[in-house]
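[1] Return a 3D structure for these sequence lines:
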Amino acid sequence: MSDWNPALYGRYESERTRPAAELLARVPLPTPGVVVDLGCGPGNSTELLVRRYPRATVQGIDTSPAMIESARRRLPGLGFEVADIAAWRPARPVDLAYANASLQWLGDHERLLPRLLERVAPGGVLAVQMPDNLDQPSHALMREVAALPPFAAALADAAAQRERLPSAERYYDWLSPQAEVDVWRTTYEHPMVDAAAIVEWLRATGLRPFLDPLAPPERDAFVAEYQRRIDAAYPVRADGRRLLAFPRLFVVARRRGLAGA
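    Just a heads-up that it's a prediction; the model follows:
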């Protein structure tokens, strides 16, 4: 895929940051020493970490150079690095590994999350929030349009960019042998001005694997057909807006043992 677009991503920053804040509110750590934002994006989630833990050493990693550059401009005093979460291996265990809306792009969670937990010190926390929306109309319609004859050949592999998340129970089973686990699922209902606003939201994230392989004329045709179907799938509410349902899965795992043990 092409690099992420921080400006487009930031158009709905308030809505995107809300689950990040709610994840952080459930982290049971008063004074961590080292905090790492795994998939920090433009730094909106990192900024939450700095505000809650002003005395901690806060760092951020992301695979997108554009996002890292945006995060550095936003928080110039912090250490940001272009790096892959799947290969992340700190020099020493951290107190909080925080992954907001990033791990859904990676596979093999049965091995990935326990491995990330092993990078956390005893008594520390792995905190994760992931969109769990592949079965929502917003994403089912992406696959529907991608299967149409004008797009099918170019987009044969687009849907494979993300896998459906396992159940909350499976995350609990994978992490509970090493940690005290708090897992929950929340569906946000975001009021959106119109169908075009829903499409704009998704162009920065879920639509990227479907739009990037297309040439501009085909891309415009895809968006037009997708927006037509979005308009039908999300009816107008009493105030004239649409409600975008957005399920998210949360996991907070505190590794057993005392810090420094």
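
[2] in stretch 66-80, what counts as buried?
    Judged by neighbour count using 16 or more other C-beta atoms under 10 Å, the buried positions of stretch 66-80 are 66-68, 70-72, 74-75, 78, 80. Any C-beta I mention is one placed from the backbone N, CA and C, and that applies to glycine too.

[3] May I ask which two of the residues you listed are separated the most?
    The two members of these with the most space between them (C-beta to C-beta) are 66 and 78, at 17.0 Å.

[4] For residue 9, give me the pLDDT.
    Predicted confidence (pLDDT) at residue 9: the value is 47.

[5] cool, residue 148 as well?
    Value listed for residue 148 in the pLDDT field: 97.

[6] Please renumber the chain so that the first residue is 17 from this point on.
    Noted, 17 is the first residue going forward, which turns the last one into residue 164.

[7] give me the low-pLDDT residue ranges for the protein?
    By pLDDT under 70, the low-scoring segments of the chain are 17-29, 274-277.

[8] before we move on, back to that, narrow the buried residues of stretch 82-96 to those in strands?
    By the criterion of DSSP state E, membership of those in strands covers residue 96.

[9] Pick out whichever of the buried residues of stretch 82-96 sits closest to residue 261.
    Ranked by distance to residue 261 (C-beta to C-beta), the buried residues of stretch 82-96 are led by residue 83 at 26.2 Å.

[10] what separates residue 157 from residue 212, distance-wise?
    Relative to residue 212, residue 157 is positioned 14 Å away (C-beta to C-beta, to the nearest Å).

[11] does the closest residue to residue 239 other than its chain neighbours sit in a helix or strand, and which one?
    The shortest distance from residue 239 to any non-neighbouring residue, by C-beta to C-beta, 6 or more residues apart in numbering, is to residue 215 (6.4 Å). For residue 215, the element it lies in under DSSP states H and E is helix 211-219.

[12] Over to residue 133?
    Per DSSP H and E: helix 125-134 holds residue 133.

[13] quick one: the following helix or strand past that helix to chain centroid distance?
    Using DSSP H and E, the next helix or strand after helix 125-134 towards the C-terminus is strand 136-147. Taking C-alpha atoms, centre = their mean, to the nearest Å, one finds strand 136-147 lying 14 Å from the centre of the chain it belongs to.
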